[in-house]
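>>> Structure for the following, please:
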Amino acid sequence: MSSAKVLFGFHAVGVRLKTAPQSVIEVYYEVARRDARMRQFLDRAREAGVRLIEADALRIAKLAGSHGHQGVAARVEPIPAAKSLDDLLDQVQGPPLLLVLDGVTDPHNLGACLRVADGAGAHAVIAPKDHAVGLNATVAKVASGAAETVPYFMVTNLARTLGELKERNIWCIGTSDDAPRTVYQADLKAPVALVLGAEGPGMRQLTRKTCDELVSIPMRGAVESLNVSVASGICLYEALRQRT
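Numbers count the residues shown, from 1 in each chain. Predicted coordinates:
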């Protein structure tokens with residue numbers, strides 16, 4: 001049981017019940033909450049055959065480490081993931097689509113990025129170990145289940161990893177406000193890794209220099225930049241549009 005982790009929120013727990021119910025050790029639910037959403041969730045949990053434990057909101061908050069648990073938390077066993085980025089890429093069918101995040105340290109931003117990566121069909125999200133947030137309960141909650149479905153690789157040296165992607169003929173496209181071409185002018189149908197930096201500082205210089213190409217997102221209003229999860233969504237869905 002020592003390897004167990006906690007998921008909380010309807011989406012995060014619901015996706016685990018759907019994709020890997022055998023990994024759910026037990027589900028805690030707020031007994032005072034009896035609305036339709038809770039009833040539907042409990043029906044799904046019972047169908048999955050998991051152990052249900054009645055609890056109050058305070059107990060669930062202590063378990064989750066957050067008061068934003070929506071009355072639901074679960075203790076789960078980790079799901080075996082691809083051991084390495086190379087293993088995953090060897091298994092990808094068709095042109096890979098990767099999201100690379102440089103300097104994203106806010107768990108809410110990472111969770112939102114994982115969510116759009118799942119929606120757009122990205123094969124993985126990559127981040128440096130020393131300039132990123134790891135997967136935690138807050139990330140899983142914001143990701144609405146995508147933390148369970150999108151592989152997240154934290155690498156020791158991001159520039160070296162980008163170089164290894166390039167050796168696999170994966171084109172590394174970074175985003176920058178001063179890039180001469182927009183993301184809509186880039187060819188995203190081929191194997192591609194979209195590289196985005198945190199809002200404000202953007203990509204580190206070495207990351208920027210390692211990219212094969214830089215593109216911008218057109219800005220027509222008064223603000224100068226977008227949240228990294230919004231920018232990720234724009235770029236990933238442009239890739240999806242081009243590929244479909």
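
>>> Please make it C-alpha for all contacts and neighbour counts, starting now.
Will do.

>>> Point to the residue nearest the middle of the chain.
For the chain, residue 114 is the residue whose C-alpha lies nearest the centre (CA atoms, centre = their mean; 1.7 Å).

>>> wait, is that residue part of a helix?
Yes: counting by DSSP: H, G, I helix; E, B strand; the rest coil, residue 114 is located in a helix.

>>> I'd like to know how far it sits from residue 147.
6 Å (CA to CA, to the nearest Å).

>>> now swap in residue 237 and tell me
With CA to CA as the criterion, residue 237 and residue 147 are 19 Å apart.

>>> more crowded one of these two?
Counted by other CA atoms under 10 Å, residue 237 and residue 147 do not tie: residue 147 has more neighbours, with 27 against 18.

>>> correct me, but that one touches residue 139?
Yes: proximity of residue 147 to residue 139 meets the contact threshold set by CA atoms under 8 Å, at 7.3 Å.

>>> Find residues that contact each of the two.
Overlap between the contact sets of residue 147 and residue 139, as judged by CA atoms under 8 Å, 6 or more residues apart in numbering, is given by residue 111.

>>> residues in contact with the nearest residue to residue 158 once chain neighbours are set aside?
Distances taken as CA to CA, 6 or more residues apart in numbering place residue 128 nearest to residue 158, at 5.5 Å, with adjacent residues excluded. Each residue near residue 128 by CA under 8 Å, 6+ apart is listed here: 101-103, 154-158.
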